[in-house]
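K.L.:
kindly return the folded structure for what I paste below:
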Amino acid sequence: MGSLQLKSVRKSFGSVDVLKGIDLDVKDGEFVIFVGPSGCGKSTLLRIIAGLDDATSGSITIDGAEVVSVPPAKRGIAMVFQSYALYPHLSVKDNMGLGLKQAGTPKAEIDKRIDRASAMLSLEKYLARRPAELSGGQRQRVAIGRAIVREPKLFLFDEPLSNLDAALRVNTRLEIARLHRELKATMIYVTHDQVEAMTLADKIVVLDAGVVQQVGSPMELYNRPANLFVAGFIGSPGMNFIDAARLGVADARTVGVRPEHLSLSREAGEWQGKVVHVEHLGADTIVYLESDKVGTITARLFGEHHYEPGETIFATPAEGQTHRFDENGHAIR
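P.N.:
Numbering: from 1, shown residues only. So this is what the prediction gives:
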């Protein structure tokens with residue numbers, strides 16, 4: 001239970017094509033994350049899977065059954081939104097159990113499922129409270145609990161951590177990862193935050209302008225990006241892109257090297273440059289260089305390093321850690 005197949009899924013609003021033929025297979029129990037910039041179509045795709053929007057064309061199959069014409073309530077999915085969408089006049093317990101009550105589930109079964117979900121999410125002592133009496137993180141856990149009690153085939157998350165502060169984002173991210181392991185459920189998650197994608201996903205789907213750019217595990221996308229877009233989107237700071245002609249590389253248009261794969265030296269190195277700016281982050285030091293040979297590049301160094309703007313230093317890429325791209329932006333293997 002919980003497999004999903006998309007075949008040639010398209011969505012158009014008038015003459016604007018938002019999704020341009022999406023093909024995807026999600027296995028039972030996988031944690032799949034859709035990432036991409038604003039407007040790439042990731043939330044639209046999630047809403048089409050949920051049945052909240054209609055596809056212009058294409059096939060959507062859940063557990064082998066075509067669901068394009070099936071209403072949302074009958075698809076066996078549960079969705080957690082960016083906004084918590086809780087009823088302010090109902091208690092936590094009633095918010096979590098409302099969908100089951102409306103479906104005619106026996107009270108004893110509702111109570112059993114709520115007890116299990118509240119224990120998993122550490123909500124037991126908040127069951128009698130109303131949403132206004134909870135923190136943002138607690139309200140998001142209630143929204144997740146409401147999804148859990150439905151025991152769906154698919155969990156769909158639409159940027160569920162966007163309204164939380166940094167510390168709560170980390171804590172809630174850990175809770176979602178733990179829930180996935182415990183429930184062994186299929187989860188599809190939309191985010192623009194690549195840290196969430198890299199730390200949570202079994203498989204990442206990178207979208208841009210309604211097209212799937214690459215599908216793979218986090219480290220596959222990091223180590224073997226299919227094109228310039230994926231290479232620049234995955235990784236922080238973003239990959240350095242250098243005109244291959246500047247380096248004398250004849251069989252490529254662009255050479256890429258990640259900031260963390262550059263070493264710096266005051267004595268000697270491959271590319272000489274001047275320090276433009278330095279960011280001291282404690283665990284990392286980010287150094288921006290301007291080089292006559294390769295242009296502006298960024299280096300990410302582990303730990304604290306002291307360089308000054310205007311200082312002349314040398315950057316050297318690690319052996320075997322450069323990427324080559326052709327004139328169409330596709331990776332050259």
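K.L.:
so where do the strands sit in the stretch 51-200 of the chain?
P.N.:
For the stretch 51-200 of the chain, the strands defined by DSSP state E, counting those that start in this stretch occupy 57-62, 65-66, 77-80, 154-158, 186-190.
K.L.:
in its sheet, what does the first one sit against?
P.N.:
Counting by DSSP bridges, the strands paired with strand 57-62 are strand 4-13 (antiparallel), strand 65-66 (antiparallel).
K.L.:
so where do the helices sit in the stretch 201-333 of the chain?
P.N.:
Ranges of helices within the stretch 201-333 of the chain are 218-223, 228-233, 244-247, based on DSSP state H, counting those that start in this stretch.
K.L.:
same question but for the stretch 51-200 of the chain, I mixed them up
P.N.:
Counting by DSSP H, counting those that start in this stretch, the helices of the stretch 51-200 of the chain are 92-102, 107-120, 136-148, 166-183, 194-200.
K.L.:
so G329 sits against A226, correct?
P.N.:
No - under the criterion of CB atoms under 8 Å, G329 is not in contact with A226, lying 9.5 Å apart. Just so you know, the C-beta spots here come from the backbone N, C-alpha and C atoms, and that holds for glycine as well.
K.L.:
compare the two and say which is more crowded by neighbours.
P.N.:
A226 (20 against 16; other CB atoms under 10 Å).
K.L.:
quick check: the more buried one vs E151, distance?
P.N.:
36 Å (CB to CB, to the nearest Å).
K.L.:
and what of E196?
P.N.:
Look at E196 and E151: by CB to CB, they are 25 Å apart.
K.L.:
returning to what we had before: now the strands of the stretch 51-200 of the chain in a markdown table, with mean neighbour count?
P.N.:
As requested, the strands of the stretch 51-200 of the chain are exported to a markdown table (neighbours: other CB atoms under 10 Å):
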| stretch | mean neighbour count |
| --- | --- |
| strand 57-62 | 18 |
| strand 65-66 | 11 |
| strand 77-80 | 23 |
| strand 154-158 | 24 |
| strand 186-190 | 25 |
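K.L.:
closest one to Y126 among those?
P.N.:
Nearest to Y126, of all the strands of the stretch 51-200 of the chain, is strand 77-80, at 17.5 Å by CB to CB.
K.L.:
note down every partner strand of that closest one and its orientation.
P.N.:
According to DSSP bridges, strand 77-80 has the following sheet partners: strand 154-158 (parallel).
K.L.:
how far away from the center of its chain is the partner strand?
P.N.:
12 Å (CA atoms, centre = their mean, to the nearest Å).
K.L.:
which of E196 and E151 has more residues huddled nearby?
P.N.:
The neighbour comparison of E196 against E151 (other CB under 10 Å) goes to E196, with 24 against 15.
K.L.:
what's the separation between the closest residue to the more buried one other than its chain neighbours and V9?
P.N.:
Once flanking residues are discounted, E196 sits nearest to R173: 6.1 Å by CB to CB, 6 or more residues apart in numbering. Here R173 is placed at a distance of 28 Å from V9 (CB to CB).
K.L.:
neighbour-wise, which of those two wins?
P.N.:
V9 (23 against 19).
K.L.:
any idea what the more buried one is bridged to?
P.N.:
Under the criterion used (DSSP bridges), V9 bridges to I22.
K.L.:
I'd say it and A55 touch.
P.N.:
Yes - here V9 reaches A55: they are 5.2 Å apart, a contact under CB under 8 Å.
K.L.:
give the residues shared as contacts by the two.
P.N.:
Here V9 and A55 share the contacting residues L19, I48, scored by CB atoms under 8 Å, 6 or more residues apart in numbering.
K.L.:
so where's the stretch 1-150 of the chain shaky on pLDDT?
P.N.:
1 (pLDDT under 70).
K.L.:
tabulate the strands of the stretch 51-200 of the chain (a markdown table), appending distance to P218.
P.N.:
Converted to a markdown table, those look like this (distance: least, CB to CB, whole Å):
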| stretch | distance to P218 |
| --- | --- |
| strand 57-62 | 25 |
| strand 65-66 | 30 |
| strand 77-80 | 21 |
| strand 154-158 | 17 |
| strand 186-190 | 13 |
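K.L.:
if anything else comes up later, I'll come back, but that's it for now.
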